[in-house]
Each structure stands twice: as structure tokens, then as C-alpha cells.
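Enquirer: build me a structure from this.
(chains A, B, C and D)
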There are 2 protein chains.
Amino acid sequence: MKRTGFAEADCPVARALDAIGDLWSLLIVRDAFDGLRRFGDFQKNLGIAKGMLSTRLHKLVELDVLELVPASDGSAYQEYALTKRGLDLFPVVVGLRQWGEAHLYARGEAHSNLVDQSGQPVGQLVLPSRTGRPLTWSETRVRKAGARKR
Amino acid sequence: MKRTGFAEADCPVARALDAIGDLWSLLIVRDAFDGLRRFGDFQKNLGIAKGMLSTRLHKLVELDVLELVPASDGSAYQEYALTKRGLDLFPVVVGLRQWGEAHLYARGEAHSNLVDQSGQPVGQLVLPSRTGRPLTWSETRVRKAGARKR
DNA sequence: CCAATCCGGTTCTAAAATAAGACTAGACAA
DNA sequence: TTGTCTAGTCTTATTTTAGAACCGGATTGG
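Expert: As a prediction, the model looks like this:
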């Protein structure tokens, strides 16, 4: 049956997953962060079927995560570039990366690493309170959509 | 055809998406963070088909994201509780939430909010360098699996 | 200039995943 | 002990996916 949709949900997590919560979308965005811009580059790097890639790219353009821009080499082709909305997915991709690094590799198994400009590994993502103090999951809660502040 | 697998990938993002990159897994984890623990509670809250939920819960248990524990009310039933590995998904869920909040709601449209213990909205996720300075996407890069440090 | 090849798709098919409902065994409540 | 609740499994129709074949316009080699 048709996949369940959450585009109208009150919960932002549900809407986000409805938009990009599939196997390929975030991998495409990850590749875009790595500098890939052309259809063929994505296709080669991901090993994705061209039909899937075509569908996903069009959906990401429609969502305004990617946009079509003239090719940077002056040819008549076009390239896919991250928009502001796409760039804002950076913490999501990093979050997945850090979780994968921590839990999905055997001891000593090699994996790619995220480093800063000096080549130093980056730190862990931090959720700060409004005053800047780091928060853990147990110090937060979700206030439902219609709830009065108190 | 059989869905493409990334369980062996060098990239932690790919492995993470292979494990939990579907519509339901992270919604179940989100609900678990909100305190839901029983099969029926997840089913009611998500409106998910029972077969899907059963498959997903078993997979999450197998991945050690959730674990089965005796029911907290003393009955003979069991409950699903987040493990350490599951709790570590907190930044991923928060990242999706913040992206959804920022980009998938019309101006003024109501949505649920993440607040700290005093009811204050939380800040944005921050990726710190090893020295604690906040990093943006353009200040990081991925070092491939086998690359020598320099 | 012409043919060969590259690029970025679309179309087709089969196998697999999904949604939704019917069904069931054991727990629990009256 | 009868009926309801819980937590599933099974079945079926439909959609999604992967992979391959095909195609037209752009680019390149001779």
C-alpha cells in the first residue's frame, strides 16, 4: 500500500522524516556536502539505480533542499547545489555519522572521519540550553503543539 | 527488488541509514524518548500497522537500540526500553526536529517544541571543534577511510 | 562535418516492502 | 468461566524499489 505520509503532522520529526526519511535522500545530501554536484557523480558514487536517483533528485529540488544551477565548467549541463535548506541538514548528517561511528563498527574497523580544517577530528554534537549549558535527553521534554506556556 | 544494503559501508552515515533510515524506526525512537514503552502505545500513537510495528520493534531490539524489559506495572507483559545505543540517537532526533521546525512549517503554524526543565526552548545543535569552537559545514571535511593522517 | 560516445534522464519489469484488516494465543478482569 | 485486552502473526492488494534497456541532446575524436 501507499507509504504513510506525515506532511501534516504536528511533530517536526515526523514532517522531517516524511520529507527526507528514506535510504537515499540523506546519502545524496551527504555526497553534496562532500562536493558532488552532477547526476553522474552521484550515480557512480552511490551505486544507485538511475531511476531512483532521478526521482530523488527531483523530489529534493521540489523540497528546495537542492537547486539546479548551470554547470560550473561552462558546459550546457546543469548541476545540483545545496540550498540554505539543504545546508541546514548538516547537523542531521553529522548526528547520523557520529552515531554510526560509535555503534556500527567493530573495534579497530576503519571508517571515514570528519575533521576540521587543521585535520583534527571534530567533537560530539552538543544541545545547549538557552543559557548555553549542554543538555542531555533526560533534561528535555516535548511540549505539545497547543499547550499553554507556563 | 531487494532494498540496497549499506551495512558494510566505509561511511558511518551509510551504515546508520542502513540501520535506522526508514520512515518508522526514528519515529518509534522519538516516541520512546517521550516515554512510550508498550506495543499498544506505539501502535496507537503512530497509527502504524501492527505488522510493520512488530517488524520494526524486533529489528530495533536486534540492533540493540531497544531492549525488552519486564513491564513496570508488574503485569506479565513486556515493555520496550531504550538502550545506551538508543539513547545516543538523541542528537539525530533533535537534528531532524530542528530542521523540520525551521523549514517545514508555515509562518505561525503550530508545532510541538523541545524545552528544558524550566520550560525554556532549547538552543540549536552545535558541532564543536576539539578546542570547543563551533564549526560550520564549510569548516569540516571527510577524511576517507584509509587516508594517512597529515 | 560526421560518427561515436557521454550525459542525464525515462520506461519497463520482477521482486520486495508496505498498509490494512482478519485472526489468534495467552493474560487479565468480572 | 466468560469476555475483553494485549501483543502479536498471517493474508492480501498495492506501492516502491532495483536493475536493465532505451533514448535524445551535448560533446568529442577524426
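Enquirer: okay, CA-based contacts and neighbour counts for the rest of this
Expert: Will do.
Enquirer: pLDDT below threshold where in chain A?
Expert: A:147-150 (pLDDT under 70).
Enquirer: which strands and helices lie in contact with the host helix or strand of A:His58?
Expert: Element membership for A:His58 (DSSP states H and E) is helix A:50-62. Applying 3 or more C-alpha pairs under 8 Å, 6 or more residues apart in numbering or on different chains; DSSP states H and E, we find helix A:50-62 packed against helix A:39-46, strand A:66-70.
Enquirer: how about the longest one as PDB, C-alpha atoms only?
Expert: Taking C-alpha atoms only, helix A:39-46 is exported to PDB below (Å, rounded to 0.1, in the frame of the first residue of the first chain):
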ATOM      1  CA  PHE A  39      23.900  13.400 -11.800                       C
ATOM      2  CA  GLY A  40      26.600  11.000 -13.000                       C
ATOM      3  CA  ASP A  41      28.800  11.700 -10.000                       C
ATOM      4  CA  PHE A  42      26.000  10.800  -7.500                       C
ATOM      5  CA  GLN A  43      25.100   7.800  -9.600                       C
ATOM      6  CA  LYS A  44      28.700   6.500  -9.700                       C
ATOM      7  CA  ASN A  45      29.400   7.200  -6.000                       C
ATOM      8  CA  LEU A  46      26.200   5.800  -4.600                       C
END
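Enquirer: contacts for that helix next, please.
Expert: Outside helix A:39-46, the residues that touch it by C-alpha atoms under 8 Å, 6 or more residues apart in numbering or on different chains are A:27-28, A:31, A:36, A:49-50, A:53, A:79-80.
Enquirer: okay, helices next: where are they in chain A?
Expert: Assigned by DSSP state H, chain A shows helices spanning A:12-20, A:25-33, A:39-46, A:50-62, A:84-87, A:90-103.
Enquirer: is chain B contacted by the fifth one?
Expert: Yes. Residues of helix A:84-87 are located near chain B by C-alpha under 8 Å from any C-alpha of the partner chain, namely A:85, A:87.
Enquirer: also the first one?
Expert: Yes. Where contact is defined by C-alpha under 8 Å from any C-alpha, part of helix A:12-20 touches chain B, namely A:12-18.
Enquirer: A:His103 and B:Gly86 touch, don't they?
Expert: No. Contact status for A:His103 versus B:Gly86: not in contact, 9.9 Å apart, counting by C-alpha atoms under 8 Å.
Enquirer: more crowded one of these two?
Expert: B:Gly86 (23 against 19; other C-alpha atoms under 10 Å in any protein chain shown).
Enquirer: related to what we said a few turns ago, I'd like the helices of chain A as TSV, with distance to A:Asn113 appended.
Expert: TSV is the format used below for the helices of chain A (distance: least, C-alpha to C-alpha, whole Å):
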stretch	distance to A:Asn113
helix A:12-20	23
helix A:25-33	13
helix A:39-46	17
helix A:50-62	26
helix A:84-87	19
helix A:90-103	9
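Enquirer: in TSV, list the ones you listed along with distance to DNA strand C.
Expert: What follows is these, written out as TSV (distance: least, C-alpha to the nearest atom of the strand, whole Å):
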stretch	distance to DNA strand C
helix A:12-20	10
helix A:25-33	13
helix A:39-46	4
helix A:50-62	4
helix A:84-87	18
helix A:90-103	19
